[in-house]
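S.K.: Sequence plus the predicted model coming up.
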Amino acid sequence: MPSQAAQYRFFWRPQAPTDPSEIRRIERWLATARLFLAFSALVAIRMDPTQLGYSMAAYGLLGFYMGNAFLIVMLLRRRRESTASFRLLVHVADIIWPAFISIFAEGPRSPFFLFFVFVLAAAAYRWGLWETLSTAAAEVVLLWTESFLLLHVWSTQDGALPWRMFTGLRVNLQEFEPKRLFMLSIYLLVMGLLLGYLAEQQKHLRAEKAAVARLLAKARVDAGLTGTLQQILGEALAMYGASKLLIASQEVRSHRIFVGELGNAKALPAEFVWLDSKPRDAKNYLDDFPGEVCYAAWGNDRWSAVALDGEGNQVAATNLEPLTRLRQLQPFGSLVTVSFLLGGEWKGRVFLFDPSWRGEKQEELRFLLDLIRQVGPAVYNVYLLHRLRRRAGAAERARFARELHDGAVQSLIAVEMQVDVLKRQAANDPTVVSGELGRIQGLLREEVLKLRELMQQMKSMDVDSSRFLNVLNDTVERFERETGIAARLVTDLDTLDMPQKVCRELVRIVQEGLVNVRKHSRARHALVRLGGNGTHWNLTLEDDGKGFPFSGRLTQAELDQMGKGPVIIQERVRLIAGELTIESNPGLGTRLEVTVPRGGELPHEL
């Protein structure tokens, strides 16, 4: 992990993280562009040989450059990563080449000026502003060095070089005169500044998006609201290098206020803590601070403040009393504060004390405002889901308590009363004890079964197609073992490709159906069948009990219209886009058939 200081460059914002694979792709793109540039230059020379003269050495130079470009492409294809030293070596070669070829190409203002542009664009693409300016400065230094050597050290006649290997090449000495090189140097520096500035701004935009994505990834329901705030605010604290972060929020309807604090621990991650909040904290932390987002610094016994409205436009920071009052509670030298509104339910402010402010204030305030607006809904969703979980848990606990009170508790009270009556009767007539104990034992067995069924419903169901048949078989065997009703599972399927949600609901349907058999049917036998074809899965549950209070075969639509049938099973069948059919023969038994489509559209609620 790089140090925090290494993540900062010219402005405060961290650069977007770049992984080795991305660096390798960048180098491959640049290598491809280098090869295309060399090939284009060779074609241009063939079309207009006057640019390099008619010497074979000129074509040799271009051929060498093209071979070098091809070699770099091959190396990048074979290597898994591009090292910093390799990139620097390639870049130095790219800097030297255009300065060298310009000696033999009618001066640096020939079409080979594109090589200068390429090396500046490569520096901007790889790094940023300062590296691109440094590259432009290096090109300028090389050109002026060449000018000095050509005009004062290697003086030639009519531009001819003294070496035999360069016979046929001519140097246009006029292009290397100081007055012409001066304007070319200005062009290169301005172009380096322009390309570097654009690249730097693009990297800053990318870093902003990466920062937002990194903060959004911290919003996790399983971490809870406090855990999510711990992660997000800790990231923001490190991003700005602030000494402390404080968040104050107020519920709009109840006006309850909550204040949380996160310090900047050097060695260990700081812990987000909720402070004891008082009604007057609303005035201290949520009063009318300047603008929607504000930067304020105290110096020379006066405030220096910059404030923006919700649209990012600067507004006058006239009311500075809230800042003075806050400074009395929380001593600081500088402060950044931004307001937020979550779903119309919560409003509040985030305070960053003594941040490391390096960029242009208004731009950084606009970024912070945009950051809060994008991260705020994610935090609000975590809050809503957390609240929904609490309510669902409370409702489930209430249902569980109601089931216990109306079922097991009432039955146990009745058993206790019967035992008390039996104890008094046993003193006069001991023969009644045996029969009454058998009846009480039957009641206790019934309540044990009810409690087990209730606990089975409370347990989470984690079953997929690989475990579905085993879970279904265990369910049927447990039913037979606990109730004494003969039951078995029949299936001709060996493997399944059933979605996990369908597996879970079918197991629940079988469990609910067997509970109904035990409670209502007075059956002696039960049979569960599972089959399938190319388009559907079929589940059937049969018993030889007393049946439903109707005769015949009814579809799910007919059951809904008549208000008959097992409601819970009907709802579960709807959740998997299935069809339920019930065939009832009073006194002879019942047959439930569930048909589920393969690969069909499942309802979104599932």
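M.R.: Noted; the coordinates are in hand. Residues are numbered from 1 along each chain as shown.
S.K.: Tell me if I'm right that residue 26 and residue 124 touch.
M.R.: No: the criterion here is C-beta atoms under 8 Å, and residue 26 misses it with residue 124 at 11.5 Å. To be clear about C-beta, it is placed using only N, CA and C from the backbone, and glycine gets the same treatment.
S.K.: In terms of packing, which of these two has more residues around it?
M.R.: Set residue 26 next to residue 124 and count neighbours by other C-beta atoms under 10 Å: residue 124 wins out with 25 against 16.
S.K.: tell me the SS of residue 577?
M.R.: Secondary structure assignment for residue 577 (DSSP: H, G, I helix; E, B strand; the rest coil): coil.
S.K.: Can you tell me how far it is from residue 540?
M.R.: 18 Å (C-beta to C-beta, to the nearest Å).
S.K.: Comparing those two, which residue is more hemmed in?
M.R.: Neighbour tally, residue 577 and residue 540, criterion other C-beta under 10 Å: the higher count belongs to residue 540, 18 against 14.
S.K.: I figured the more buried one hits residue 528, correct?
M.R.: Yes: counting by C-beta under 8 Å, residue 540 does reach residue 528; the two are 7.2 Å apart.
S.K.: what residues are shared contacts of these two?
M.R.: The contact sets of residue 540 and residue 528 do not overlap (C-beta atoms under 8 Å, 6 or more residues apart in numbering).
S.K.: What lies in contact with stretch 309-319?
M.R.: Residues contacting stretch 309-319 (C-beta under 8 Å, 6+ apart): 288-292, 294, 296, 303, 305-308, 362, 365-366, 369.
S.K.: Counting only strands, which of those make the cut?
M.R.: Counting by DSSP state E, these place 294, 296, 303, 305-308 in strands.
S.K.: Can you spell out which helices and strands pack onto whichever strand or helix holds residue 262?
M.R.: Using DSSP states H and E, residue 262 sits in strand 257-263. On a contact count with 3 or more C-beta pairs under 8 Å, 6 or more residues apart in numbering; DSSP states H and E, strand 257-263 meets helix 224-240, strand 244-251, strand 273-275, helix 281-286.
S.K.: Need the residue closest to the centroid of the protein.
M.R.: residue 217 (3.9 Å; C-alpha atoms, centre = their mean).
S.K.: What's the mean pLDDT across stretch 141-150?
M.R.: Averaging pLDDT along stretch 141-150 gives 81.
S.K.: what residue ranges in the stretch 51-200 of the chain score low on pLDDT?
M.R.: The model of the stretch 51-200 of the chain has pLDDT under 70 over residues 51-59, 103-112, 152-175.
S.K.: So which residues of it form helices?
M.R.: 56-78, 84-101, 113-126, 129-148, 178-216 (DSSP state H, counting those that start in this stretch).
S.K.: returning to that earlier point: the ones in strands among the contacts of stretch 309-319: which two are farthest apart?
M.R.: Pairwise distances across the ones in strands among the contacts of stretch 309-319 (C-beta to C-beta) peak at 16.2 Å, for the pair 303 and 308.
S.K.: and those two? which has more neighbours close in?
M.R.: Per other C-beta under 10 Å, whichever of residue 303 and residue 308 has more neighbours is residue 308, with 23 against 16.
S.K.: is it true that the more buried one touches residue 367?
M.R.: No: with contact defined as C-beta under 8 Å, residue 308 does not count as touching residue 367 (10.9 Å).
S.K.: what touches both of these two?
M.R.: Counting by C-beta under 8 Å, 6+ apart, nothing touches both residue 308 and residue 367.
S.K.: mind checking which helix or strand of the protein has the lowest mean pLDDT?
M.R.: The least trusted helix or strand in the chain, going by mean pLDDT, DSSP states H and E, turns out to be helix 432-458, with a mean of 66.
S.K.: what kind of secondary structure is residue 322 in?
M.R.: helix.
S.K.: which residue sits closest to it in space, ignoring its chain neighbours?
M.R.: In this structure, residue 322 finds its nearest non-sequential neighbour in residue 287, 4.2 Å apart by C-beta to C-beta, 6 or more residues apart in numbering.
S.K.: Just the element for residue 28, please.
M.R.: Using DSSP H and E, residue 28 falls in helix 20-47.
S.K.: hmm, back to that, take the helices and strands packed on strand 257-263 and write them to CSV, including mean pLDDT and distance to residue 149.
M.R.: Output for the helices and strands packed on strand 257-263, formatted as CSV (pLDDT from 0 to 100; distance: least, C-beta to C-beta, whole Å):
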stretch, mean pLDDT, distance to residue 149
helix 224-240, 85, 50
strand 244-251, 90, 60
strand 273-275, 87, 69
helix 281-286, 86, 69
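S.K.: Including distance to residue 118, could these go into TSV?
M.R.: Shown next, in TSV, are these (distance: least, C-beta to C-beta, whole Å):
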stretch	distance to residue 118
helix 224-240	35
strand 244-251	46
strand 273-275	55
helix 281-286	55
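S.K.: Residue 591: which of the ones you listed is closest?
M.R.: Closest among the helices and strands packed on strand 257-263, using C-beta to C-beta: helix 224-240, at 47.6 Å.
S.K.: and the closest one, which residues are buried?
M.R.: Under the neighbour-count criterion of 16 or more other C-beta atoms under 10 Å, helix 224-240 has 225, 227-240 buried.
S.K.: could you say what helices and strands the helix or strand hosting residue 372 packs with?
M.R.: In this structure, residue 372 sits in helix 361-403 according to DSSP H and E. With contacts taken as 3+ C-beta pairs under 8 Å, 6+ apart, helix 361-403 sits against helix 178-216, helix 224-240, strand 293-299, strand 302-308, strand 334-342, strand 346-353, helix 432-458.
S.K.: Going by secondary structure, residue 542 is in what exactly?
M.R.: strand 536-543.
S.K.: The helices of the stretch 51-200 of the chain into TSV, with extra columns for distance to residue 373?
M.R.: Output for the helices of the stretch 51-200 of the chain, formatted as TSV (distance: least, C-beta to C-beta, whole Å):
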stretch	distance to residue 373
helix 56-78	41
helix 84-101	38
helix 113-126	31
helix 129-148	29
helix 178-216	10
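S.K.: which one of those helices is the most hemmed in?
M.R.: helix 113-126 (a mean of 21; mean count of other C-beta atoms under 10 Å).
S.K.: quick check, residue 594 in a helix?
M.R.: No: according to three-state DSSP, residue 594 belongs to no helix; its state is strand.
S.K.: Show me the beta-bridge partners of it.
M.R.: Residue 594 forms beta bridges with residue 539, residue 580, as assigned by DSSP bridges.
S.K.: residues in contact with it?
M.R.: Per C-beta under 8 Å, 6+ apart, neighbours of residue 594: 506, 509, 538-540, 573, 578-580.
S.K.: and which of those is nearest residue 187?
M.R.: Nearest member of these to residue 187, counting by C-beta to C-beta, is residue 578, at 74.2 Å.
S.K.: per-residue pLDDT, that closest one?
M.R.: For residue 578, the predicted pLDDT is 89.
S.K.: With residue 50 instead?
M.R.: 58.
S.K.: Do you have the helices of the stretch 451-600 of the chain handy? List them.
M.R.: Using DSSP H, counting those that start in this stretch, helices in the stretch 451-600 of the chain cover 468-483, 500-516, 556-562, 567-575.
S.K.: a markdown table for those, including mean neighbour count?
M.R.: Shown next, in a markdown table, are those (neighbours: other C-beta atoms under 10 Å):
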| stretch | mean neighbour count |
| --- | --- |
| helix 468-483 | 16 |
| helix 500-516 | 21 |
| helix 556-562 | 14 |
| helix 567-575 | 17 |
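S.K.: between the ones you listed, which gets nearest to residue 21?
M.R.: Here helix 500-516 is closest among the helices of the stretch 451-600 of the chain (C-beta to C-beta), at 33.2 Å.
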